[in-house]
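S.K.: Predicted structure and sequence below. I'll ask about it afterward.
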Amino acid sequence: MFARSAARKLAARQFSTSAARNINVTVLGAGGGIGQPLSLLLKLDPHVTKLNLYDIRGAPGVAADVSHIDTASEVEGFEADKLEEALEGAEVIVVPAGVPRKPGMSRDDLFSTNASVIRDLATAAAKVAPKAHLCIITNPVNSMVPIASRVYDRAGVYDPKRIFGVSTLDVVRASRFLAGIVGGDPADTPVTVIGGHSGETIVPLFSQTPAAKRITGEAYKKLVHRVQFGGDEVVQAKAGAGSATLSMAYAGAKFTNALLRGIAGEKGVITPSYVRSPLYENEGIEFFASNVELGPNGAEKIYPLGQLTAEEEEYLKACKDGLKKNIQKGFAFLD
Ligand SMILES: NC(=O)C1=CN([C@@H]2O[C@H](COP(=O)(O)OP(=O)(O)OC[C@H]3O[C@@H](n4cnc5c(N)ncnc54)[C@H](O)[C@@H]3O)[C@@H](O)[C@H]2O)C=CC1
Ligand SMILES: O=C([O-])CC(=O)C(=O)O
């Protein structure tokens, strides 16, 4: 039996529970491979008061199922034609709606389908819950965040601090893969991952994690490559049945928990996220992932990268070239 105490213990391991505050969260795409386990994990988050689950198919069933879990939050499912109702009162909106990759596809190959999904969902969110924090999981994240940002801008409600691309899976992978080499608990080897969320736009800064300093040469290159292309491992292993869902649900719940703690007033909640950023704005790169401090107003502080090695500078150069194109493509979609 998955008793309340067990749920609490699980929640305590996965989610910090300090400074609890009542917060309504809406998941858009809750019926999917990520959406279902993400909804489960959000049901375990003690910060969530009301969990609204929306999808163009299947959300009421997922909601009925998740609603039986014995944690305090209320859960409600919404049919395809009830998007605006699902968004009412939301303070945080998490979006895993859209198609995933199959083997042989890049994340950018998802653009034509997912761009209109994000445009339409962002349009509704900007109308109904303009002050909510919007967390975008949908790929290609590098282009979807610019699209949503421009939709909010055109609706006159854009607050750059409140729109996030969820790049947490890269952080989770970097830490897990590193611990796999050096041993120990991944929690003791956190890694800052910057840039964006696809291929060479993903740049793990292993030089800033003391345990990683002894990994050099080919081993270092292999480790960076594994973080940059970790998504491909899952796509290939699933052989046509989609991409990462369970690890992404975990990463999405982890990021959402960090945001909820920040909103609730906890100090010092810092994690990488892909946000509107001043760091490389003068090079035409308006969005960039680096460490951000989360607070009641969202991304309240954006940290610079700190010192990089010559190798990391090279990775950053390739990252910026790719990111710039992805951002321009996002904006061009709405022109
Ligand atoms: N940011 C990241 O690190 C990661 C992002 N992803 C991305 O997340 C997205 C979802 O992946 P999966 O859950 O595996 O796909 P999936 O196909 O299993 O689920 C997607 C869900 O979105 C729903 N949907 C489609 N259009 C919608 C709309 N207009 N409104 C509401 N719901 C809508 C579908 O009905 C489906 O239930 C993909 O784009 C994938 O590439 C996946 C893994 C990691
Ligand atoms: O690889 C994909 O398409 C899904 C994803 O973003 C990831 O697993 O990092």
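M.R.: That came through, no problem. Ligands and ions are numbered 1, 2, ... in the order given.
S.K.: Could you use CA atoms for every contact and neighbour count after this?
M.R.: Fine.
S.K.: By residue count, tell me the biggest helix in this structure.
M.R.: Ranked by residue count, the top helix of the chain under DSSP state H comes out as helix 310-333.
S.K.: counting contacts, what elements does that helix pack onto?
M.R.: Counting contacts by 3 or more C-alpha pairs under 8 Å, 6 or more residues apart in numbering; DSSP states H and E, helix 310-333 packs against helix 141-154, strand 193-195, strand 202-204.
S.K.: what's the spacing between the host helix or strand of Gly262 and its chain's center?
M.R.: Assigned by DSSP states H and E, Gly262 falls within helix 246-263. Distance, stretch centre to chain centre, for helix 246-263: 8 Å (C-alpha atoms, centre = their mean, to the nearest Å).
S.K.: Are that helix and ligand 2 in contact anywhere?
M.R.: No - applying C-alpha under 6 Å from any ligand atom, one finds helix 246-263 out of contact with ligand 2, separated by at least 6.9 Å.
S.K.: got the CA coordinates for the following helix or strand past that helix in PDB?
M.R.: Remark: after helix 246-263, the chain's next helix or strand is strand 269-276, criterion DSSP H and E. Backbone C-alpha positions of strand 269-276 (Å, rounded to 0.1, in the frame of the first residue of the first chain) are rendered in PDB as follows:
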ATOM      1  CA  VAL A 269      16.700  28.400  -5.100                       C
ATOM      2  CA  ILE A 270      19.100  28.400  -8.000                       C
ATOM      3  CA  THR A 271      19.000  26.100 -11.000                       C
ATOM      4  CA  PRO A 272      19.800  26.400 -14.700                       C
ATOM      5  CA  SER A 273      16.900  27.300 -17.000                       C
ATOM      6  CA  TYR A 274      16.500  28.600 -20.600                       C
ATOM      7  CA  VAL A 275      15.200  32.100 -20.200                       C
ATOM      8  CA  ARG A 276      15.300  35.600 -21.700                       C
END
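S.K.: what's the closest non-adjacent residue to the spatially most central residue of the chain?
M.R.: Nearest residue to the geometric centre of the chain (C-alpha atoms, centre = their mean): Val166, 1.8 Å. Leaving aside its sequence neighbours, Val166 sits nearest to Ile137 (C-alpha to C-alpha, 6 or more residues apart in numbering; 5.3 Å).
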